[in-house]
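>>> Sharing a model prediction with you, sequence too.
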Amino acid sequence: YTAFFRLASPGWCDSPRAAALTHLALKVLEDELAEDGYLADVAGLHYATAPEGMTGLEVKVDGFSHKLPLLAARLFGALAGAAFPRANWGPVQEALARKYRNTCMQVPKHANYQRLYALCRHASHWSTVQPHVEGAQLADVCEHVKRALASCHLEVFVHGNMDGSEARALAQAAADALGPGCTLPASARTRDVCVQLPQGREVLHVQQARNLEEEECCVEVYYQIAAAGPASARERVLLDLVDQVVQEPAYNVLRTQEQLGYTVHTGTRLTHGVLGLCVVVVSAR
């Protein structure tokens, strides 16, 4: 089965420096548990970590059920310890810094990132996070993790052959491993909020490519549709149908007839709980 753990804390990503330290903490944690991760992989267990916007961070663990709680406990125990004695700090920091330096070098990814950044009400741009990644020390990361875990909220979703009591036991074991600070009420969690675009008006955002010698350009047209709440299943199905209907005509007209770009595609989007539709064209200048 698969278990998703979302660890929310106001201090995870409330500033560019905090976002940098949180991302470094996840990379250091992965390096700290490299040997454990290899043994778990051999045993049919896998895990992945990722920053989750302003919410905090997310951990995914999947594999054979009778061993999964052990891996989850090891993960959260190492995070709560906030010491990482086996981590190779220098290579970990340099690898993440290199990743930030190379962020959005491809034009389509840059356009997609700029749309998401424009729509997220509370977010730190990668360019403001990068200097903090390069200037951080391991001690800063450890102290940051301790402060965040002093007041945090753990949300767990389990999918697979596990009954309710087992799922609750797994969640409680993770909370116990994180320590006494894992008592933040759900109402205090930071939520990612999508910007509502003005209805009936066009909003134009132009951004130069990072590589000034780049020959490609990308146009991404985004239509904001509606909030995706519990009662929006019909709207989501209709939007998927619209996407299916417009895919072929969009390609035929924009790519084949008008020859505006060598890559043309459409797709639905779900951005912080808001439905949308995108039309993307990539071409040479």
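Nice, thanks for sending it over.

>>> any idea where the strands of this protein begin and end?
In the chain, the strands defined using DSSP state E lie at 2-8, 45-52, 56-63, 153-159, 216-227, 263-271, 274-284.

>>> who's in contact with the third one?
Just to be clear, that refers to strand 56-63. With C-beta atoms under 8 Å, 6 or more residues apart in numbering as the test, strand 56-63 has contacts from 1-9, 12-13, 22, 26, 40, 43-52, 68, 71-72, 75-76, 148, 152, 190. No exception for glycine: its C-beta is placed from N, CA and C like everyone else's.

>>> Please identify the pairing partners of it and their relative orientation?
Next to strand 56-63 in the sheet, as set by DSSP bridges, lie strand 2-8 (antiparallel), strand 45-52 (antiparallel).

>>> Number of residues surrounding the closest residue to residue 114 other than its chain neighbours?
The shortest distance from residue 114 to any non-neighbouring residue, by C-beta to C-beta, 6 or more residues apart in numbering, is to residue 207 (5.1 Å). Residues lying near residue 207 (other C-beta atoms under 10 Å) number 15.

>>> could I have stretch 215-232 exported to PDB, CA atoms only?
Taking Å, rounded to 0.1, in the frame of the first residue of the first chain, the C-alpha atoms of stretch 215-232 are listed here in PDB:
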ATOM      1  CA  GLU A 215      16.200  30.500 -29.900                       C
ATOM      2  CA  GLU A 216      13.000  29.000 -28.600                       C
ATOM      3  CA  CYS A 217      10.000  30.900 -27.300                       C
ATOM      4  CA  CYS A 218       6.800  29.700 -25.600                       C
ATOM      5  CA  VAL A 219       3.300  31.000 -25.400                       C
ATOM      6  CA  GLU A 220       1.100  29.500 -22.700                       C
ATOM      7  CA  VAL A 221      -2.500  30.600 -22.700                       C
ATOM      8  CA  TYR A 222      -4.300  29.800 -19.400                       C
ATOM      9  CA  TYR A 223      -8.100  29.900 -18.900                       C
ATOM     10  CA  GLN A 224      -9.100  29.900 -15.200                       C
ATOM     11  CA  ILE A 225     -12.400  28.000 -14.900                       C
ATOM     12  CA  ALA A 226     -13.700  27.400 -11.400                       C
ATOM     13  CA  ALA A 227     -12.800  26.300  -7.900                       C
ATOM     14  CA  ALA A 228     -12.500  22.500  -7.600                       C
ATOM     15  CA  GLY A 229     -14.500  21.700  -4.400                       C
ATOM     16  CA  PRO A 230     -16.200  18.500  -3.300                       C
ATOM     17  CA  ALA A 231     -19.200  19.200  -5.500                       C
ATOM     18  CA  SER A 232     -17.100  20.100  -8.600                       C
END
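
>>> And the contacts of that stretch?
107-108, 110-112, 115, 196-197, 209, 235-236, 239, 261, 269-270, 273-285.

>>> how about a cut-off of 7 Å?
The list of residues contacting stretch 215-232 from outside it, by C-beta atoms under 7 Å, 6 or more residues apart in numbering, reads 107-108, 111-112, 115, 197, 235-236, 239, 270, 273-285.

>>> just the buried members of the residues you listed?
107-108, 111-112, 115, 197, 239, 274-283 (16 or more other C-beta atoms under 10 Å).
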